[in-house]
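Colleague: Only the shape, not the letters, is given here:
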Ligand code: ATP
């Protein structure tokens, strides 16, 4: 079975508090985009999970979220057969786009289907959360409010038509390190998540874009000031909003004028070939809907 694993962006990201267990309570609106990794999942006669990928530096053992998800699912269901997963990464790694979490979500639905395990969506969401906080959203897809560590999901109506330009600078950022540097109790102004949710429910794109904000941005920007230059460049090209996704370093620009978005992507590709620039749109799918259709 072939399945896509889509990349997400955060239209808004707030950190509510640091919890006693060290995790942070978040409130964010997640949006699936049309950038994806491709996975081919097939049963194999020898036992064990075999992962191959196009990126030689990615781990292919239990450190890879795709293998971890498959292992967990197979263990839960007492499956002893083997599995082969071919992963073609298009989503940049350590980018703030939840590529690894999305691969895990695709594996959960893909393996459930290929091996006819019959697990419910609810069970897959639960298993997904134990692999990573972003995995439940990657299963659900579309547009959603995510609360808690990301596990409390409220589906929202799809985003109005727009173009999304993703621009990933030539370095990665460790999500863990950004959260460790953040002083949650010192956040002075919390973004208007409720206002964003209302604007999405109304289909009010200007209202959505005017509220986009990310409290992690200042933390990552302090470490990597060149991200601000990239933001300025995309804003100057006519994006209605420009924001860092997750803990970064990927920046996204949302354009209502597709021609401006295309011109911005071409300019970035010419002037900054070291930046991975990709033009896409919001998508409604998540791994659960893909698994049902595939
Ligand atoms: P998030 O937005 O959820 O923080 P991210 O986009 O910043 O995620 P990922 O690309 O998911 O980061 O991966 C971060 C780390 O996880 C990498 O250092 C990588 O080695 C490891 N990893 C494990 N499995 C995968 C996978 N399937 N794809 C990419 N990275 C993976």
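Modeller: That came through fine. What you are looking at is a predicted structure, and each value in this text was computed from that prediction instead of being measured.
Colleague: When you work out contacts or count neighbours from here on, use the C-alpha atoms and nothing else.
Modeller: Fine.
Colleague: wait, what's in contact with residue 248?
Modeller: The contact partners of residue 248, by Cα atoms under 8 Å, 6 or more residues apart in numbering, come to 95-96, 172-173, 175, 217, 220.
Colleague: will you turn those residues into CSV that also has distance to residue 210, secondary structure and pLDDT?
Modeller: Formatted as CSV, the contacts of residue 248 follow (distance: Cα to Cα, whole Å; DSSP: H, G, I helix; E, B strand; the rest coil; pLDDT from 0 to 100):
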residue, distance to residue 210, secondary structure, pLDDT
95, 24, coil, 95
96, 21, coil, 95
172, 28, coil, 90
173, 26, coil, 91
175, 26, helix, 91
217, 16, helix, 96
220, 21, helix, 96
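Colleague: Including distance to residue 245 and neighbour count, could the residues you listed go into CSV?
Modeller: Output for those, formatted as CSV (distance: Cα to Cα, whole Å; neighbours: other Cα atoms under 10 Å):
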residue, distance to residue 245, neighbour count
95, 8, 26
96, 5, 24
172, 13, 16
173, 11, 18
175, 11, 17
217, 8, 21
220, 11, 24
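Colleague: Also near the ligand: which of those, exactly?
Modeller: Near the ligand, taking Cα under 6 Å from any ligand atom as the test, the members of those found are 95-96, 175.
Colleague: just to revisit the earlier point, how about the contacts of residue 248, which pair is most distant?
Modeller: The span of these, defined through Cα to Cα, is set by 172 and 217 at 14.4 Å.
Colleague: what about residue 22, how many residues close to it?
Modeller: Per other Cα atoms under 10 Å, the neighbour tally for residue 22 reads 10.
Colleague: Kindly report the same for residue 157.
Modeller: Residue neighbour count, defined by other Cα under 10 Å, stands at 14 for residue 157.
Colleague: how about the residue nearest to residue 62 when sequence neighbours are not counted, secondary structure?
Modeller: Ranked by Cα to Cα, 6 or more residues apart in numbering and with sequence neighbours excluded, the top spatial neighbour of residue 62 is residue 68, at 5.2 Å. Under the three-state scheme (DSSP: H, G, I helix; E, B strand; the rest coil), the conformation of residue 68 reads as helix.
Colleague: List the residues that contact residue 68.
Modeller: 62, 104, 131.
Colleague: quick one: secondary structure of residue 26?
Modeller: Three-state assignment for residue 26 (three-state DSSP): strand.
Colleague: which residues does it bridge with?
Modeller: When bridges are called by DSSP bridges, residue 26 pairs up with residue 15, residue 148.
Colleague: got the contact list for it?
Modeller: Residues near residue 26 by Cα under 8 Å, 6+ apart: 13-17, 146-150.
Colleague: Pick the one among these closest to residue 246.
Modeller: Distances from those to residue 246 were compared by Cα to Cα; the smallest belongs to residue 13, at 7.3 Å.
Colleague: which residue packs closest to whatever residue of the stretch 151-294 of the chain ends up closest to the ligand, ignoring adjacent ones?
Modeller: Nearest residue of the stretch 151-294 of the chain to the ligand: residue 175, at 5.0 Å (Cα to the nearest ligand atom). Sequence neighbours aside, residue 247 is the residue nearest to residue 175 in space, at 5.5 Å (criterion: Cα to Cα, 6+ apart).
Colleague: what about that neighbour, neighbour count?
Modeller: The local packing of residue 247 (other Cα under 10 Å) involves 28 other residues.
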